[in-house]
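**Student:** no letters, just coordinates:
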């Protein structure tokens, strides 16, 4: 599996799209630091971009790489290699390369700005959340691609999943809070948040920056839970589950996939 991960990693690293992805975050973080002259404000601005753009890029890259490497996968399947090693190795190669582009693109300007001389917790939280979202949505994209032979359907369902998580879910969640405002919705709000990794990541960063008041009533609810050590550990564990469960389904589908 290590050889497959290495091959996929360097294959993507040599891709021009990886350089575009890296350069985008490099220029964006440099511009925000130059304009804001404050790492906390730059982190807030980057949060709004990362929680939407990173899942989209992970979804598109995951689906695109699987379909483009179809012949290579069939070649590997003819060799005495476990199916799980092939598919999970490819997944890890894609996710690690995208995460590295994200970390380097954001990390270099912040390091040059001197982020290590101050409070680095906010910046590290941003990198952690971005990496989690990359691993989660690449895994979801691989599941969708494995389930659909048709490329158009695969891309369509992948974009639909991203749109549901990034936009539609929030709308349904807010409408539900308004409609059922007469009922106690504290626990329901926490549970609903756990079912959307984008919302969970956004809340973690907001609470880490101590600006949960911007969320109003829901901010107070989330502050009482996610603001504690138990809530922070639980939220990271939920994000970890969002990675492990799709990877498990990749393993299951890889065993039964008929080429």
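**Tutor:** The structure has been received and is ready for your questions. Everything numeric here is computed off the predicted structure, so don't read it as measured data.

**Student:** and the host helix or strand of residue 71, which residues are buried?
**Tutor:** Here residue 71 is covered by helix 70-77, with elements defined by DSSP states H and E. Buried residues in helix 70-77, counted by 16 or more other CB atoms under 10 Å: 73, 76. Quick note: C-beta positions are derived from backbone N, CA and C, even for glycine.

**Student:** check stretch 19-29 too.
**Tutor:** Within stretch 19-29, the residues that qualify as buried by neighbour count (16+ other CB under 10 Å) are 21, 22, 24, 25, 26, 28, 29.

**Student:** which of the residues you listed fall in helices?
**Tutor:** When DSSP state H is applied, the buried residues of stretch 19-29 are split such that 21, 22, 24, 25, 26, 28, 29 fall in helices.

**Student:** who are the packing partners of the helix holding residue 71?
**Tutor:** helix 83-113 (3 or more CB pairs under 8 Å, 6 or more residues apart in numbering; DSSP states H and E).

**Student:** which SSE is immediately downstream of the helix it packs on?
**Tutor:** Using DSSP H and E, the helix or strand that directly follows helix 83-113 along the chain is helix 121-147.

**Student:** now render the buried residues of stretch 19-29 as a markdown table, adding pLDDT and distance to residue 200.
**Tutor:** Formatted as a markdown table, the entries for the buried residues of stretch 19-29 read as follows, by pLDDT from 0 to 100; distance: CB to CB, whole Å:
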| residue | pLDDT | distance to residue 200 |
| --- | --- | --- |
| 21 | 89 | 23 |
| 22 | 90 | 26 |
| 24 | 92 | 24 |
| 25 | 91 | 22 |
| 26 | 91 | 27 |
| 28 | 89 | 23 |
| 29 | 88 | 23 |
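
**Student:** closest to residue 108 out of those?
**Tutor:** Proximity of these to residue 108 (CB to CB) peaks at residue 26, which lies at 6.3 Å.

**Student:** give me the spatial nearest neighbour of that closest one, chain neighbours excluded.
**Tutor:** Beyond its immediate neighbours in the sequence, the residue positioned closest to residue 26 (CB to CB, 6 or more residues apart in numbering) is residue 105, lying 4.5 Å away.

**Student:** could you pull up the residues touching residue 166?
**Tutor:** With contacts defined as CB atoms under 8 Å, 6 or more residues apart in numbering, the neighbours of residue 166 are 51, 52, 55, 56, 198.

**Student:** distance check, it against residue 202.
**Tutor:** Distance check for residue 166 against residue 202: by CB to CB, to the nearest Å, it reads 10 Å.

**Student:** list residues touching both of these two?
**Tutor:** Taking CB under 8 Å, 6+ apart as the contact definition, residue 166 and residue 202 share the neighbouring residues residue 51.

**Student:** what's the closest of the ones in helices among the buried residues of stretch 19-29 to residue 87?
**Tutor:** Comparing these against residue 87 with CB to CB picks out residue 21 as the nearest, at 22.8 Å.

**Student:** wait, the closest one touches residue 104, no?
**Tutor:** No - proximity of residue 21 to residue 104 does not meet the contact threshold set by CB atoms under 8 Å, at 10.2 Å.

**Student:** next up, the contacts around residue 187.
**Tutor:** Residue 187 sits in contact with no residue, where contact means CB under 8 Å, 6+ apart.

**Student:** which residue of this protein lies farthest from its centroid?
**Tutor:** When distances to the mean C-alpha position of the chain are computed (CA atoms, centre = their mean), the maximum falls on residue 182, with 34.1 Å.
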